[in-house]
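Student: Sequence and predicted structure below; questions after.
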Amino acid sequence: MTIAIISEDFDPARAGVGVHLQNLVRALVARGHEIVVLTSRRRGEPPRSESHGATVYRHLSVRVSGFSHSITTTRAIRRVLERHQVDVVHEHFLSRMALQARTASEQLRIPGVYTYHMAEEILTSPLGWCPPLQRRVSRAIIGFCNRFELVTFPSAALSNEVRKKGVHVPSLVLGNAIAFPRAPQPTQQPTAGRFVLLFVGRLSPEKNLALLVRAFATFHARFPFAELWLAGAGPQRHALETLATSAGIASQVRFLGHLPNAELADAYRAADAFVLPSLFETQGMVCIEAMQFGKPLVVSDGIVSCRELVDDGANGFLFDHTSEQDLVRALGQLAGDLALRGAMAARSLEKAAAFSLDDVVDAHERMYRDVVGAARAV
């Protein structure tokens, strides 16, 4: 089967979508599928190349609200789809190219799947809190979803929430592809007098990192041996560095930057716990990665899938995303109780088994066969 993947984020990955797609593409190619990727092009990258076994077409792009947007045409996308005799188009990113790709696939009568990775809050967060704008963007997203044969969601809670907004086409809950090993060894064992708290993700407003840094400053006063590691890049780095300095914890907050997979694995192994304080996420892939390394989770209740990721009190804690004190409470319980930390780590490893890469790829193959089969039967 020939599958076209449409996403502004692919390789190198700048967000969880790109990481997921690299894992998925490698696995699908290994199973004999032809994969064609249309994505954005950064300075120095060729317009066409091979990556992870896929043929990649890159288009010049511009940055809008913190995201890359390709400059191309519907006709150019249509030529690629025709050249490769694509069976199904799977779109993963909201952009002008995504709209053009859907139009091209409709013109060619190629069935399309859209995965809901980006909510209106993520798209509008660089512009600040603006409910009227968010409502308008939300309506546009729902309209776009309803142009596809199938929409997939990375979590059941997200599916329920978005379908209530008006998605009426068939949908499926289908997790993201996580490629870290389930129980990598060696990993940090709970140790007295040591507590490394890890965050992985973009340093951007929707991640709620200012609250994390302020809460960590309060927490650090009680646990002076604790460290906070922030792995990722983004527009808020300077502001967060300034905040850490003003709070007197600059030497305890490490900004690791964007890490390649091998170094990111080392960071997961070395951490004692993982934190995701986001205001919103569609799934929280990094939590699944952390569970595969046997890490207790401390996760914001603002994330729609939080209760799918965390059994509160079993493999971690949920906290009120508006409350520094609630986050300090959760961190204090973990840092002060080695036995609890060990038990939560074991439970995270157990939960990680539910997010097998092979299972996710199997589900994608079934979905593609069903969508293509239904289109050909019409």
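Tutor: Received, thanks. Numbers count the residues shown, from 1 in each chain.
Student: So for residue 234, what's the nearest residue that isn't a sequence neighbour?
Tutor: Spatial nearest neighbour of residue 234, chain neighbours left out: residue 203 (3.3 Å); criterion: C-beta to C-beta, 6 or more residues apart in numbering. Yep, even glycine has a C-beta here, placed from its N, CA and C like the rest.
Student: quick one, what contacts residue 241?
Tutor: 250, 253, 255 (C-beta atoms under 8 Å, 6 or more residues apart in numbering).
Student: do that again at 7 Å, thanks
Tutor: Residues counted as contacts of residue 241 (C-beta atoms under 7 Å, 6 or more residues apart in numbering) are residue 255.
Student: for the host helix or strand of it, what is the average pLDDT?
Tutor: Secondary structure assignment for residue 241, by DSSP states H and E: helix 237-246. The pLDDT scores in helix 237-246 average 97.
Student: try stretch 280-295
Tutor: 89.
Student: Would you mind putting the CA coordinates of that stretch into PDB?
Tutor: The C-alpha coordinates for stretch 280-295 follow below in PDB (Å, rounded to 0.1, in the frame of the first residue of the first chain):
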ATOM      1  CA  PHE A 280      -3.600  21.300  27.300                       C
ATOM      2  CA  GLU A 281      -2.300  18.400  25.300                       C
ATOM      3  CA  THR A 282      -4.000  16.000  23.000                       C
ATOM      4  CA  GLN A 283      -2.300  12.900  24.500                       C
ATOM      5  CA  GLY A 284       1.000  13.700  26.200                       C
ATOM      6  CA  MET A 285       3.400  11.300  24.400                       C
ATOM      7  CA  VAL A 286       6.200  12.300  26.700                       C
ATOM      8  CA  CYS A 287       4.300  10.800  29.600                       C
ATOM      9  CA  ILE A 288       4.200   7.400  27.800                       C
ATOM     10  CA  GLU A 289       7.900   7.700  27.100                       C
ATOM     11  CA  ALA A 290       8.500   8.400  30.800                       C
ATOM     12  CA  MET A 291       6.400   5.400  31.800                       C
ATOM     13  CA  GLN A 292       8.500   3.200  29.600                       C
ATOM     14  CA  PHE A 293      11.500   4.200  31.600                       C
ATOM     15  CA  GLY A 294       9.600   3.400  34.900                       C
ATOM     16  CA  LYS A 295       9.100   7.000  36.100                       C
END
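Student: any low-confidence regions in the chain?
Tutor: The model of the chain has pLDDT under 70 over residues 65-66, 120-130, 180-186.
Student: what's in contact with the longest strand anywhere in it?
Tutor: Identified as the longest strand of the chain according to DSSP state E is strand 54-64. The contact list for strand 54-64 (C-beta under 7 Å, 6+ apart) reads 8, 10, 25, 29, 35-41, 45-50, 68-72, 80, 97.
Student: Just the ones in helices from these, please.
Tutor: 25, 29, 80, 97 (DSSP state H).
Student: Tell me who's in contact with residue 296.
Tutor: Contacts here follow C-beta under 7 Å, 6+ apart; on that basis residue 296 touches 273, 315, 316, 334, 341, 344, 345, 348.
Student: who wins for most neighbours among these?
Tutor: When neighbours are counted by other C-beta atoms under 10 Å, residue 316 leads the contacts of residue 296 with 30 neighbours.
Student: who does the following helix or strand past the helix holding residue 241 touch, helix- and strand-wise?
Tutor: Downstream of helix 237-246, the next assigned helix or strand under DSSP H and E is strand 253-257. Packed against strand 253-257 by the contact rule (3 or more C-beta pairs under 7 Å, 6 or more residues apart in numbering; DSSP states H and E) you find strand 226-231, helix 237-246.
Student: ok, and what's touching strand 253-257?
Tutor: 213, 227, 228, 229, 230, 231, 233, 237, 241, 244, 267.
Student: hmm, try it at 10 Å
Tutor: For strand 253-257, the surrounding residues in contact (C-beta atoms under 10 Å, 6 or more residues apart in numbering) are 196-200, 203, 212-213, 216-217, 220, 227-233, 237-238, 240-241, 243-245, 247, 263-264, 267.
Student: For the biggest helix by length in the chain, which residues meet the burial criterion?
Tutor: Criterion DSSP H: the longest helix present in the chain is helix 357-377. The neighbour-count check on helix 357-377 (16 or more other C-beta atoms under 10 Å) flags 357, 360, 361, 363, 364, 367, 368, 370, 371, 372 as buried.
Student: How about the contacts made by residue 317?
Tutor: Contacts of residue 317 by C-beta under 10 Å, 6+ apart are 273, 275, 296-299, 310, 326-327, 329-331, 333-334, 340, 344.
Student: So among the residues you listed, which ones count as buried?
Tutor: Neighbour-count burial (16+ other C-beta under 10 Å) is assigned, among the contacts of residue 317, to 273, 275, 296-299, 310, 326-327, 330-331, 333-334, 340, 344.
Student: These in helices, which ones?
Tutor: 326, 327, 330, 331, 333, 334, 340, 344.
Student: okay if I get those residues as CSV plus distance to residue 289?
Tutor: CSV is the format used below for those (distance: C-beta to C-beta, whole Å):
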residue, distance to residue 289
326, 24
327, 21
330, 20
331, 20
333, 23
334, 18
340, 22
344, 16
